[in-house]
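Colleague: Build me a model:
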Amino acid sequence: MQPVTLAVRSVGPCLLASLLASSSACGDLAHQSEALRISPEPLVEIGEMEGAEAYLFSSIGQAFLLEDGRLVVSDQGVNEIRVFGPDGIFRHTIGRSGEGPGEFSQVTGLWLTPDGLIGLWDRGNLRISTYRPDGELVSTNRLRVEGEEEYSVPPEVLFGSFGNGDIALASLEFGGPPDAPEAIADRWVLARFSPDGEPRGALGDLRGMRRLRGQPLPFTPLPRVAVLGDSLFAADGYEAGIDVRGPDGAVGRTIILPTLDRSADTESAWSALEAELRARNREMYLGMLERLPRSDEFPQIGGLLADDRGLLWVKLYDVPGDALWLGHGPAMRPRAGGEWRLVRPDGEVLGTVRMPDGLSPLHITENRLVGVQRDALDVERLVVHGLER
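Modeller: Coordinates of the predicted model:
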């Protein structure tokens, strides 16, 4: 694999404070050309086709690095949280399945809290739990939403954590009846909660995937959200814009990125999708494809992450690679490979990097990129690549 290099601008250590605030507390940011290089081979690789259960993954959900280099990862397929050392050696699991304290039934959110704890959102039990990295349970709190009309649909997915420890959760409202003759978009309702489960207020909503007669379309957009400090960056994927929302969910401004016009490639995109479905023997989807109108509208954004330096990584939607029908793992996880724009929170595009084929990024630090890699035998692995400047 060849090294992946990106020419970017150095933004300095004061990036987050100066770009999210209205004042320029750190002065002018230095703009010097530097090269961002993703290591051609992973520094750490965890996952096997067969062997010890600790190294077998069913469906990796989220993962991140602790400050000391340990890796924390959720396997949604077996509902388990595992901790690995910087060398990739398994250390221990955290919690277990169940409904009691320290137990969980459906983990759809994992994050590092501001005080260095491991945060866990348990959608099945509607609970927020925190653990020390050694596995000791610190707190478990159920969401206090009973009787609250605006939370009639329980939150499902974690969309990010704020600088003060609050988290953004989202509830899904399916779009339209299953017999509707036209495609209708779902609706995601975002809300802010404290670590002890108290509602902090609404954060607005986002359009979700398009469905036709109850089934998601192959080239449907998905909501993409990242959090930096006390600002929430939200894109529904339909357009090349990212709304910047404040603590109350109000949109303060919108980052407008260059639009990708793919209308001329409509027929080739659908033909490529069909060919890939046939190669994978996806008979059900092939049958559905025959009945679908072939739209010339494609999403613009295929992924959105915030790195530890305070920059946004925005994936350009890849046709047909990002098609929902071709995906592996959680639907909200960015698809593998593709081109990513590196964007400052003020909207300035610093450059574009091509993610290595097969790699889906999950967490990006100052000098590491944690992601999921799927090989030719369909084995899912957790990998850590180096970032060199």
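Colleague: Now do the helices for the stretch 201-350 of the chain: every range, in order, please.
Modeller: 266-279, 283-290 (DSSP state H, counting those that start in this stretch).
Colleague: Deepest-packed of those helices, please.
Modeller: helix 266-279 (a mean of 15; mean count of other CB atoms under 10 Å). Any C-beta I mention is one placed from the backbone N, CA and C, and that applies to glycine too.
Colleague: Report the mean per-residue pLDDT for the one helix or strand Gly371 maps to.
Modeller: Using DSSP states H and E, Gly371 maps to strand 368-374. Regarding strand 368-374, the rounded mean pLDDT is 95.
Colleague: by contact count, what packs against the helix or strand just after that strand?
Modeller: Where DSSP H and E defines the elements, the next helix or strand beyond strand 368-374 is strand 380-388. The elements that strand 380-388 packs onto, with contact taken as 3 or more CB pairs under 8 Å, 6 or more residues apart in numbering; DSSP states H and E, are strand 33-38, strand 44-46, strand 60-65, strand 71-75, strand 359-364, strand 368-374.
Colleague: And strand 380-388, what's buried?
Modeller: Buried residues in strand 380-388, counting neighbours by 16 or more other CB atoms under 10 Å, are found at Glu380, Arg381, Leu382, Val383, Val384, His385, Leu387.
Colleague: go on, stretch 107-122?
Modeller: Those would be Val107, Thr108, Gly109, Leu110, Trp111, Leu112, Leu117, Ile118, Gly119, Leu120, Trp121, Asp122, for stretch 107-122 by 16+ other CB under 10 Å.
Colleague: Where among the helices and strands packed on strand 380-388 is average confidence lowest?
Modeller: strand 33-38 (a mean of 65).
Colleague: who's Arg187 bridged to?
Modeller: Glu173, Arg207 (DSSP bridges).
Colleague: how many neighbours does it have?
Modeller: 18 (other CB atoms under 10 Å).
Colleague: Next one: it relative to Val153, how far apart?
Modeller: 10 Å (CB to CB, to the nearest Å).
Colleague: who touches both of the two?
Modeller: Taking CB atoms under 8 Å, 6 or more residues apart in numbering as the contact rule, Arg187 and Val153 both touch Leu172, Glu173.
Colleague: for Arg96, what are its contacts?
Modeller: By CB under 8 Å, 6+ apart, the neighbours of Arg96 are Gly102, Glu103, Phe104.
Colleague: picking that back up, relative to Gly287, which of the buried residues of strand 380-388 is nearest.
Modeller: Checking these against Gly287 with CB to CB, the nearest one is Glu380 at 27.4 Å.
Colleague: Excluding chain neighbours, give the residue nearest to that closest one in space.
Modeller: Nearest non-adjacent residue to Glu380, counting by CB to CB, 6 or more residues apart in numbering: Phe57, 4.7 Å away.
Colleague: what's the answer for Trp325, then?
Modeller: Pro218 (4.3 Å).
Colleague: quick one: the one you found and Glu274 touch, right?
Modeller: No. Judged on CB atoms under 8 Å, Pro218 makes no contact with Glu274 at a distance of 9.7 Å.
Colleague: Does Tyr131 touch Gly116 like I think?
Modeller: No. If you go by CB under 8 Å, Tyr131 and Gly116 don't touch, sitting 10.9 Å apart.
Colleague: now the strands: where do they sit in the stretch 151-300 of the chain?
Modeller: In the stretch 151-300 of the chain, the segments counted as strands under DSSP state E, counting those that start in this stretch are 157-161, 167-173, 184-193, 199-212, 215-216, 224-228, 231-235, 241-245, 251-256.
Colleague: which of those is buried the deepest?
Modeller: Of those, strand 231-235 is the most buried (mean count of other CB under 10 Å), at a mean of 24.
Colleague: Can I get the strands of the stretch 151-300 of the chain in CSV including mean pLDDT and distance to Ala376?
Modeller: Shown next, in CSV, are those (pLDDT from 0 to 100; distance: least, CB to CB, whole Å):
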stretch, mean pLDDT, distance to Ala376
strand 157-161, 95, 30
strand 167-173, 94, 33
strand 184-193, 93, 33
strand 199-212, 92, 28
strand 215-216, 88, 27
strand 224-228, 96, 28
strand 231-235, 97, 32
strand 241-245, 96, 34
strand 251-256, 95, 37
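Colleague: thinking again about what came up before, which neighbours do Pro218 and Glu274 have in common?
Modeller: By CB under 8 Å, 6+ apart, the residues touching both Pro218 and Glu274 are Leu289.
Colleague: Tell me, how many residues neighbour Asp346?
Modeller: Count around Asp346 with other CB under 10 Å applied: 11.
Colleague: In the stretch 1-150 of the chain, what residue spans correspond to helices?
Modeller: Secondary structure of the stretch 1-150 of the chain (DSSP H, counting those that start in this stretch): helices at 15-20.
Colleague: quick one: low-confidence ranges for it?
Modeller: Residue ranges of the stretch 1-150 of the chain with pLDDT under 70: 1-35, 146-150.
Colleague: From Val251, how far out is Arg245?
Modeller: Per CB to CB, Arg245 is found 6 Å from Val251.
Colleague: what touches both of these two?
Modeller: What both Arg245 and Val251 touch, as defined by CB under 8 Å, 6+ apart, is the set Gly204.
Colleague: which of the residues in stretch 362-379 are buried?
Modeller: Neighbour-count burial for stretch 362-379 [16+ other CB under 10 Å]: Leu362, His363, Ile364, Thr365, Arg368, Leu369, Val370, Gly371, Val372, Gln373, Arg374.
Colleague: what's the farthest-apart pair in the residues you listed?
Modeller: The largest separation in the buried residues of stretch 362-379, counting by CB to CB, is between Thr365 and Arg374 at 22.2 Å.
Colleague: Could you check what's spatially nearest to Trp270, not counting adjacent residues?
Modeller: Counting by CB to CB, 6+ apart, the residue nearest Trp270 is Arg294, at 4.8 Å.
Colleague: Isn't that neighbour up against Ser271?
Modeller: No. If you go by CB under 8 Å, Arg294 and Ser271 don't touch, sitting 9.5 Å apart.
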